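Sequence isn't available, so here's the structure alone:
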């Protein structure tokens with residue numbers, strides 16, 4: 001499995017949020033409350049990008065329809081709409097001071 005570098009450790013601070021495209025995946029790398037998360041960059045409701053979503057602790061809230069997701073698991077924690085899939089969560093990997101993923 002190849003390692004895809006997304007960022008350097010020195011770039012990461014609380015509030016960090018950056019979108020990436022790796023192979024067929026649209027990804028969002030986030031650091032919040034000293035934790036790093038890597039999720040699919042689309043809402044499970046209508047697939048809108050999540051770069052502008054609100055974060056409260058580890059709750060990720062889509063600005064389009066107010067659906068809340070758990071950043072750790074991707075689970076829908078508030079479902080005001082019936083048809084909403086969980087967010088896909090990717091495992092974060094380190095290669096020295098580089099953060100990325102294995103695909």
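That came through, no problem. Just so we're clear, the structure is a prediction, and the values are computed from it rather than from any experiment.

okay, CA-based contacts and neighbour counts for the rest of this
Fine.

Show me the shaky parts of the chain.
Residue ranges of the chain with pLDDT under 70: 80-82.

Run a quick neighbour tally on the closest residue in space to residue 5 that isn't next to it in sequence.
Distances taken as Cα to Cα, 6 or more residues apart in numbering put residue 100 closest to residue 5, at 4.4 Å, once the chain neighbours are dropped. When neighbours are counted by other Cα atoms under 10 Å, residue 100 registers 20.

pretty sure residue 100 is touching residue 20, no?
No. The criterion here is Cα atoms under 8 Å, and residue 100 misses it with residue 20 at 10.4 Å.

coming back round to it: bridging across strands, which residues link to the residue nearest to residue 5?
Beta-bridge pairing for residue 100 (DSSP bridges): residue 5, residue 93.

State the distance from it to residue 39.
From residue 100 over to residue 39 the distance is 12 Å, taken as Cα to Cα, to the nearest Å.

what do residue 100 and residue 20 both touch?
Shared contacts of residue 100 and residue 20 (Cα atoms under 8 Å, 6 or more residues apart in numbering): residue 6.

Show me which strand runs longest in the chain.
Criterion DSSP state E: the longest strand present in the chain is strand 25-32.

Flag every buried residue along it.
27, 28, 29, 30, 31, 32 (16 or more other Cα atoms under 10 Å).

In the protein, which residue is most central in space?
residue 39 (2.8 Å; Cα atoms, centre = their mean).

what sits against it?
Residue 39 touches 27, 28, 29, 71, 74, 87, 88, 89, 90, counting by Cα under 8 Å, 6+ apart.

Let me know the closest of the residues you listed to residue 60.
Within those, the smallest distance to residue 60 is 6.2 Å, found for residue 71 (Cα to Cα).

Against residue 84, how distant is the closest one?
15 Å.

out of the two, which sits in the more crowded spot?
A side-by-side neighbour count of residue 71 and residue 84, using other Cα under 10 Å, places residue 71 first with 25 against 15.
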